[in-house]
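Colleague: what follows is a predicted protein model with its sequence.
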Amino acid sequence: MLKRPLQTKKFKFEALQVLHCINNGILEVVGTGEIAEKTNKLLELANNVFNAFGHNMQIVHQAEISTIASSLFFQGDAVVIDERTTRVLVENPKRLLNILRHTLHTTVKVSQGNLKDFSKLTKGVRMIRSAELVTIAYESGLLDKYLAEIQDAKKTLLESVLWGVKLNGCAISKKEIEQLVRMEVK
């Protein structure tokens, strides 16, 4: 699971952090045949929903889909995924179709059967971004230890963690960050 990230410059430190959590019993690696089967099924369906230029589009990867499959298996409350394509495919596939058409400047065909099957399997999966997760952590006081004795400390803290997740891949806009800060810092 961590073999590939440990070999990259971009993800090596994160892989070491995860490995530390596994070695200290904070995280547990679980794997079942059922999760692997569900992952493969979801991956096959998702990557055969949209077709452009005469080819099925590989729009999702195993990592994101295995997270969804694990959540379904363990009946999780939510899945934290920053990958916009995966989130929008689950939440609003018509919006994803429009995004793909706009981005590719071409006709994108939809396999209604694969989309229906994928949507049926992922029905009820609640998706949240890391931006929502850090906002919950902020609301819960879990980040209070980082409050500095500076002007607008709470605003600075929330802005910093939201920009941190944005700059690390969370699909959140500047406008959304400003809106969250306005709502949370009163």
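Modeller: Good, I have the coordinates. Just so it is clear, the structure is predicted and the values come from calculations on it, not from any experiment. Numbering: from 1, shown residues only.
Colleague: what's the domain layout of the chain?
Modeller: Using automatic domain parsing, the domain parsing of the chain gives 11-128, 130-184.
Colleague: which residue packs closest to L6, ignoring adjacent ones?
Modeller: A15 (4.7 Å; CB to CB, 6 or more residues apart in numbering). The way it works is simple: take the backbone N, C-alpha and C, and place the C-beta from them, glycine included.
Colleague: mind listing what the residue nearest to the spatial centre of the chain touches?
Modeller: In the chain, the residue lying closest to the centroid (CA atoms, centre = their mean) is I81, at 1.2 Å. By CB atoms under 8 Å, 6 or more residues apart in numbering, the contact set of I81 is 64, 67-68, 87, 127-129.
Colleague: what helix or strand does the closest residue to R84 other than its chain neighbours sit in?
Modeller: Leaving aside its chain neighbours, R84 sits nearest to A171 (4.0 Å; criterion: CB to CB, 6+ apart). Counting by DSSP states H and E, no helix or strand carries A171.
Colleague: in this structure A171 contacts R129, no?
Modeller: Yes - at 6.7 Å, A171 counts as touching R129 under the criterion of CB atoms under 8 Å.
Colleague: just give me the neighbour total for Y138.
Modeller: Neighbourhood size, Y138 [other CB atoms under 10 Å]: 21.
Colleague: E159 is in contact with that one, correct?
Modeller: No - the criterion here is CB under 8 Å, and Y138 misses it with E159 at 10.4 Å.
Colleague: any idea which helix or strand comes after the worst-scoring helix or strand of the chain on mean pLDDT?
Modeller: Every helix and strand in the chain was compared by mean pLDDT, DSSP states H and E; the lowest is helix 3-6, with a mean of 88. Using DSSP H and E, the helix or strand that follows helix 3-6 in sequence is helix 12-23.
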